[in-house]
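J.: fold the following.
(one chain, ligands or ions: 1)
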Amino acid sequence: MRIAVTGCEGQLALSLVERSRSWSGVDVVTIGRPHLDLAEPATILPAIERCRPDLVVSAAAYTAVDQAEREPEAAFAVNALGAGAVAEAAACVEVPIIHISTDYVFDGGKQGSYAEGDTPAPLSVYGASKLAGERAVAEATPRHLILRTGWVYSPFGKNFVKTILRLAKEREDIAVVADQRGNPSSAIDLADAILDISARLTKSDEDAAFGLYHLAGAGVVTRADFARHALSASRAEGGPWAYVRDIATDAFPTPASRPSNSSLSSAKFTAAFGRAMPAWQDSVKRTVRRLVANISSESS
Ligand SMILES: NC(=O)c1ccc[n+]([C@@H]2O[C@H](COP(=O)([O-])OP(=O)(O)OC[C@H]3O[C@@H](n4cnc5c(N)ncnc54)[C@H](OP(=O)(O)O)[C@@H]3O)[C@@H](O)[C@H]2O)c1
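T.: Numbering: from 1, shown residues only. Okay, the predicted model is just below:
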């Protein structure tokens, strides 16, 4: 089975490449700029046709949440029009698509974790552009699986865990917001789940439970406690550590508003595919172990 993944250097794309080595008969091919540019719709179908995939994973996105407030047209071009064009291309080559979306489609007003039936109400341009992308994908092809996830981190690219470890090398204490809750989601775990369900999506449409799902790390935590856990794991591995000081979101203004609660319930996914995500604490430890090993080898 060949899986075409959009974006070459993204956290999820690189995790899919890495994890695919443990799956026999799975070939992950990443396609990104300049050959496939989501802001240049004419590049999309030819790039996907050349790949001859059995399945498309639409992982690339305009992910600069704050910058999107200044560049709404660019964010919508990539996350809405671009995502829709990828889904149209998948339909054109007659394969299903897994499209990745975000917890930031919600406004955070709910007390508990969000389910798929909850009404989205994005607070940011990024969230609105991703929601428009979900709708464009669903309109383009019925053979879609839209996976909303949140707080993605990995050994690759830019992410919260890497930022916290870098700051811990430079400072004794780090201020982190303590009034935003979510599910830290390992891109490696997401990749494993996607590879596991891919065979079912490509086998026959009768087996494929297409639709909208939430898929995020098991457990809910604040940003500050997420940081504390990552730093404790780092210290246990001989890596950097710093004291985490709780602050309120109001004390750390950012161009984009973020939901105070964007935790997602993955129960529908688990019921449909018989697969649950690992506890976020265990996955953070695994990623931190790799990051600290990289820091040690860079400094030796
Ligand atoms: N990161 C999170 O916390 C988070 C949370 C919820 C949902 N998500 C969603 O999960 C998915 C994967 O996220 P991620 O963290 O792996 O993303 P990421 O590491 O930020 O990577 C984004 C990828 O998109 C590519 N890209 C951006 N603009 C493009 C364009 N015009 N044409 C083609 N490729 C383009 C980038 O390419 P270049 O390498 O060329 O820049 C990069 O490879 C995204 O859909 C994101 O919206 C992420």
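J.: what's Leu212 sitting at in phi/psi?
T.: Leu212 adopts backbone torsions of phi -100, psi 130, taken as degrees, to the nearest 10.
J.: residues in contact with it?
T.: 116, 134, 138, 146, 148 (Cβ atoms under 8 Å, 6 or more residues apart in numbering). For every residue, glycine as well, the C-beta is placed using N, CA and C.
J.: nearest to the ligand, of those residues?
T.: Arg148 (7.2 Å; Cβ to the nearest ligand atom).
J.: beta-bridge partners for that closest one, please?
T.: When bridges are called by DSSP bridges, Arg148 pairs up with Ser101, His214.
J.: residues in contact with it?
T.: 100-103, 105, 116, 212-216, 264.
J.: same thing but at 7 Å, please
T.: Listed by Cβ atoms under 7 Å, 6 or more residues apart in numbering, the contact partners of Arg148 are 101-103, 105, 214, 264.
J.: one more: Val93?
T.: Under the criterion of Cβ under 7 Å, 6+ apart, the contact partners of Val93 comprise 48-49.
J.: go again with 10 Å.
T.: Contacts for Val93 (Cβ atoms under 10 Å, 6 or more residues apart in numbering) come out as 4, 45, 48-49, 51-54, 56.
J.: let me know the pLDDT of it.
T.: Turning to Val93, the model gives it a pLDDT of 97.
J.: now the one 5 residues further on
T.: Note for Ile98: predicted pLDDT of 97.
J.: coming back round to it: which of the contacts of Val93 tops the neighbour count?
T.: Of all these, the highest neighbour tally under other Cβ atoms under 10 Å goes to Ala4, namely 28 neighbours.
J.: export the contacts of Leu212 to a markdown table and tack on pLDDT, secondary structure and distance to Leu201?
T.: Shown next, in a markdown table, are the contacts of Leu212 (pLDDT from 0 to 100; DSSP: H, G, I helix; E, B strand; the rest coil; distance: Cβ to Cβ, whole Å):
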| residue | pLDDT | secondary structure | distance to Leu201 |
| --- | --- | --- | --- |
| Glu116 | 98 | coil | 18 |
| Glu134 | 98 | helix | 17 |
| Ala138 | 97 | helix | 15 |
| Ile146 | 98 | strand | 12 |
| Arg148 | 98 | strand | 17 |
